[in-house]
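Student: Sequence first, then the predicted structure:
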Amino acid sequence: MNITTKEKPVELAIQARQLNLWYGTFQALFEVDLNIKKGMITSLIGPSGCGKSTFLRSINRINERLGYVRISGRVEVFDQDIYAPEVELIQLRKQVGMVFQRPNPLPTSIRENVLFGHKLHNSKSGSRAEQDEIVESALQQVLLWDKVKDRLHHKATKLSLEEQQKLCIARLLPVKPGVLLMDEPCSALDPKGTEAVEELIWELRGKYSILIVTHNMAQARRASEECIFMLMGKVVEHSLTSQMFVTPAQQETADYIEGRYG
Amino acid sequence: MFAATELNRKNQRTEKLVRILFVLMAGLLILPVLIILTTLVYKGGGILSIDFLFTHPTNGMTEGGILPALLGTIWLVVVALLISVPLGIAAAIYLSEYAPDNWGTRLINLAIINLAGVPSIVHALFGLGAFVIFFEFGTSILAASLTLAIMTLPVVIVATRESLQAVPHAFREACWNMGATRWQTIRRVVLPNAISGILTGVILEVSRSAGETAPIMFTGAVFFSPFLPQGVMDQTMAMSLHLFVVSTQVPNVPEDLPYGVALVLIGMVLIMNSVSIAFRMHLRGKKKW
């Protein structure tokens, strides 16, 4: 199921081992075993309710807030068990950033949005010049700097949805996360916005390990290097994107890709 | 083919009638306010003067001004606010942002609803028993303001809780996912966006505290005092009680005096309300999502 690599051992960003997850009595994940490689874009596809978002949310442990979530098994981020008792959620969420379906910039200025995480995680927020540099670097990385550099004090909520989504990605970068989780990051955007955000995600490849949940198979195909297909809470197939869409190893994968369900 | 039938016309007529009825009912609301204000201005406007506001009552309260009552009401309202605003906001933050949905929380909510429904005279007797007698504050501004504070607490809590709830959940999600603690989220994002709604609650409280008579008459307000209050342990005169006294308890009061007192009381409340409303609009103008 997993890709066999003959070359030097690859570094892993996320490893799941025998991960089971229950919402109350409903089991959403079954024995999930995954190795997600560092610096790569991996997409998670599958029909609604297959557990892909649940898996994503168990990597920054945001699921737990619901209160009735129970898990067994292990999840490691950069070789550290994130469910170990000594794990500080604040540090985990600093390392593992999350982008949502609907862009959710905070109702402050563009600048304050970018600096928000930085200010949360540093007791001193740095000089004006340092802050300027952080803002510019983050916005440069998300290809937004040229568009907004003259209006950093404008309300972030006044930006277009595409720009808002880019800002939401930029907002994560100042605290130097290793992993970016994206839960259908383009589904609220129009085709042009989708293209722009996909382009950006592709740009971020290598610097961050990115895991994207998507409903859009064309997007998975265009914008990811590896692809995971899930069905009914189980991982069916995990392979190179190019391979999965041409010669899927499993019949279920083929059926889904060809649109027979989902 | 598209011509109106008899039924259409009938429905249209009803529609018009109903609409007029609703407009009238809504319009009626303005009427009492207008009547009260014009009556007060007409009958009590003549007595208003700087002297009226800043001198003591004389000659058995049939002449002179209202200074001790005016200052007393300000004391009572300010001290009540100092107690109930921090308490109410803290309670509302807990209920909105932290409280799990369990029987304990439901009990607190039930208590708030019941507290709002307790008649003010019952609050007065509670204040008398608890603050004046049990805590030995005596009849004092402190006891009266505590009573007012408890009485108006539900208003502050409910208004604050509702304005906190009105801040979109997505903002909290965004913060939590960036590793913000609950308090960081509340302080940096939720509170700044809820502040205009919270102010509304405070405005309502000010108006209510300034006008209440029953809760203060056993706990801190007196018929007549030749002295101005110097601190929270003093007794004081108050506008609402003074109005009651000069209207019903003192013989030979000139007719315009009670109207003048009422006019000042209403004016105080209106001025405080307009300042807060202006401030609120200023804040709301800055907030956008």
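Tutor: Here it is on my side, so go on.

Student: wait, isn't residue B:158 in contact with residue B:204?
Tutor: No - if you go by CB atoms under 8 Å, residue B:158 and residue B:204 don't touch, sitting 9.6 Å apart. Yep, even glycine has a C-beta here, placed from its N, CA and C like the rest.

Student: how about the residues of chain A near chain B?
Tutor: A:60, A:62, A:65, A:67, A:89-94, A:97-98, A:100, A:102, A:104-107, A:116-117, A:120-121, A:155, A:157-158, A:168, A:171-172, A:175 (CB under 8 Å from any CB of the partner chain).

Student: Just those: which are in helices?
Tutor: Among these, the residues falling in helices (DSSP state H) are A:89-94, A:116-117, A:120-121, A:168.

Student: So what's the residue count around residue 122?
Tutor: With no chain named, the answer covers chain A. Close neighbours of residue A:122, defined as other CB atoms under 10 Å in any protein chain shown, add up to 12.

Student: Hmm, no, I was thinking of chain B.
Tutor: 13.

Student: about what we covered before: drop the exposed ones from the residues of chain A next to chain B and show what's left.
Tutor: Among the residues of chain A next to chain B, those buried by neighbour count (16 or more other CB atoms under 10 Å in any protein chain shown) are A:60, A:62, A:89-90, A:92-94, A:97-98, A:100, A:102, A:104-107, A:116-117, A:120-121, A:155, A:157, A:168, A:171-172, A:175.

Student: Contacts for stretch A:228-242 next, please.
Tutor: A:1-3, A:27-35, A:42-47, A:50-52, A:54-55, A:220-221, A:224-227, A:244, A:248-250, A:252-253, A:256 (CB atoms under 8 Å, 6 or more residues apart in numbering or on different chains).

Student: May I see the ChimeraX selection of the buried members of these?
Tutor: Command for ChimeraX that selects the buried part of these, burial taken from 16+ other CB under 10 Å:
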select /A:28,29,32,33,34,35,42,43,44,45,46,50,51,52,54,55,220,221,224,225,226,227,244,248,252,253,256
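
Student: now, which of the contacts of stretch A:228-242 lie within helices?
Tutor: Per DSSP H, these map to helices at A:52, A:54-55, A:220-221, A:244, A:252-253, A:256.

Student: Buried ones in stretch B:56-63, by neighbour count?
Tutor: Using 16+ other CB under 10 Å as the test for burial, stretch B:56-63 gives B:56-57, B:61.

Student: Stretch B:245-259 too?
Tutor: In stretch B:245-259, the ones that count as buried by 16+ other CB under 10 Å are B:245-246, B:250, B:253, B:256-259.

Student: So for it, first residue to last residue, what's the gap.
Tutor: 12 Å (CA to CA, to the nearest Å).

Student: circling back: now pLDDT and distance to residue B:46 too, for the ones in helices among the contacts of stretch A:228-242, in JSON lines please.
Tutor: Listed next are these as JSON lines, based on pLDDT from 0 to 100; distance: CB to CB, whole Å:
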{"residue": "A:52", "pLDDT": "91", "distance to residue B:46": "78"}
{"residue": "A:54", "pLDDT": "93", "distance to residue B:46": "75"}
{"residue": "A:55", "pLDDT": "94", "distance to residue B:46": "78"}
{"residue": "A:220", "pLDDT": "90", "distance to residue B:46": "82"}
{"residue": "A:221", "pLDDT": "89", "distance to residue B:46": "85"}
{"residue": "A:244", "pLDDT": "91", "distance to residue B:46": "90"}
{"residue": "A:252", "pLDDT": "89", "distance to residue B:46": "90"}
{"residue": "A:253", "pLDDT": "90", "distance to residue B:46": "90"}
{"residue": "A:256", "pLDDT": "89", "distance to residue B:46": "86"}
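
Student: Tell me how far residue B:213 lies from chain A.
Tutor: From residue B:213 across to chain A, the span is 42 Å (CB to the nearest CB, to the nearest Å).

Student: isn't that residue right up against residue B:241?
Tutor: Yes - here residue B:213 reaches residue B:241: they are 5.5 Å apart, a contact under CB under 8 Å.

Student: Quick check: the residue of the stretch 151-262 of chain A at minimum distance from chain B vs residue B:128, distance?
Tutor: Across the stretch 151-262 of chain A, no residue is closer to chain B than residue A:157, which sits at 4.8 Å (CB to the nearest CB). Going from residue A:157 to residue B:128 by CB to CB, to the nearest Å gives 52 Å.

Student: Likewise for residue B:242?
Tutor: Between residue B:242 and residue B:128 the distance is 20 Å, computed by CB to CB.

Student: Neighbour count for those two, which is higher?
Tutor: residue B:242 (28 against 20).

Student: check contacts around the more buried one.
Tutor: By CB under 8 Å, 6+ apart, residue B:242 lies in contact with B:61, B:66, B:69, B:261.

Student: The closest residue to residue A:103 other than its chain neighbours: what's it in contact with?
Tutor: Leaving aside its chain neighbours, residue A:103 sits nearest to residue A:164 (3.6 Å; criterion: CB to CB, 6 or more residues apart in numbering or on different chains). By CB under 8 Å, 6+ apart, residue A:164 lies in contact with A:103, A:105, A:156-157.

Student: quick one: residue B:121 and residue B:214 touch, right?
Tutor: Yes - counting by CB under 8 Å, residue B:121 does reach residue B:214; the two are 4.6 Å apart.

Student: Neighbour count: those two, which is higher?
Tutor: Neighbour count, other CB under 10 Å: between residue B:121 and residue B:214, residue B:214 has more, with 20 against 13.

Student: quick one on the thing from earlier: which of the buried residues of stretch B:56-63 fall within helices?
Tutor: Per DSSP H, the buried residues of stretch B:56-63 never map to helices.

Student: Filter the residues you listed down to just the ones in strands.
Tutor: residue B:57 (DSSP state E).

Student: JSON lines for the buried residues of stretch B:56-63, including distance to residue B:85 and pLDDT?
Tutor: Below are the buried residues of stretch B:56-63 laid out as JSON lines (distance: CB to CB, whole Å; pLDDT from 0 to 100):
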{"residue": "B:56", "distance to residue B:85": "31", "pLDDT": "89"}
{"residue": "B:57", "distance to residue B:85": "32", "pLDDT": "88"}
{"residue": "B:61", "distance to residue B:85": "33", "pLDDT": "81"}
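
Student: Contacts only, for residue A:156.
Tutor: If you count contacts by CB under 8 Å, 6+ apart, then residue A:156 has A:105-110, A:112-113, A:164, A:167 around it.

Student: Over to residue A:71. Which of the three states is it?
Tutor: strand (DSSP: H, G, I helix; E, B strand; the rest coil).

Student: What is the neighbour count of it?
Tutor: If we define neighbours as other CB under 10 Å, then residue A:71 has 17 of them.
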